[in-house]
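Student: got a structure for you, letters missing:
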């Protein structure tokens, strides 16, 4: 919950993780997509956050006057499956100026 902003965010699920593992040669860098549920001023919205593979840079999305800067961890490793409960969403929210 963002105090003073009537904004609540909940990390719901990872929809897809097709990121190319580090140290592996891939035709496509892949991506990871996750769902967050936003409650703002009494309305709810499900937002999909998508980040490309093979990058350590944060990605950004905007919604209703806010900018969401995010990074999904951990990054895949060759031959290792990421258990669902170990995914973490690093999220910074900034209010955009009018």
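Tutor: Alright, I've got the coordinates. The shown structure was predicted, so the numbers you read here are calculated from the model rather than taken from an experiment.
Student: Could you count how many residues lie near residue 49?
Tutor: Applying other C-beta atoms under 10 Å, we find 20 residues neighbouring residue 49. (Each C-beta comes from the backbone N, C-alpha and C, glycine too.)
Student: Which element, helix or strand, includes the residue nearest the centre of the chain?
Tutor: The centroid of the chain falls nearest to residue 49 when counting by C-alpha atoms, centre = their mean (4.5 Å). Element membership for residue 49, per DSSP states H and E: strand 43-52.
Student: can you give me how far the helix or strand that comes right after that strand is from the chain middle?
Tutor: For strand 43-52, the following helix or strand on the C-terminal side (DSSP H and E) is strand 59-63. Centre-to-centre, strand 59-63 and its host chain are 9 Å apart (C-alpha atoms, centre = their mean, to the nearest Å).
Student: Show residues contacting strand 59-63.
Tutor: For strand 59-63, the surrounding residues in contact (C-beta atoms under 8 Å, 6 or more residues apart in numbering) are 38, 45, 47, 49-52, 67-71, 96.
Student: please redo it, this time with the cut-off set to 10 Å
Tutor: The contact list for strand 59-63, computed with C-beta atoms under 10 Å, 6 or more residues apart in numbering, reads 7, 31-32, 36, 38, 40, 45, 47-52, 67-72, 92-94, 96.
Student: what helices or strands is the following helix or strand past that strand leaning on?
Tutor: Using DSSP H and E, the helix or strand that follows strand 59-63 in sequence is strand 66-73. Packed against strand 66-73 by the contact rule (3 or more C-beta pairs under 10 Å, 6 or more residues apart in numbering; DSSP states H and E) you find strand 7-17, strand 31-40, strand 43-52, strand 59-63, strand 88-95.
Student: Tell me which of those strands sits most buried.
Tutor: strand 31-40 (a mean of 17; mean count of other C-beta atoms under 10 Å).
Student: Quick check: the gap between the residue nearest to residue 68 when sequence neighbours are not counted and residue 33.
Tutor: The shortest distance from residue 68 to any non-neighbouring residue, by C-beta to C-beta, 6 or more residues apart in numbering, is to residue 61 (4.9 Å). Noted for residue 61: a distance of 11 Å to residue 33, by C-beta to C-beta, to the nearest Å.
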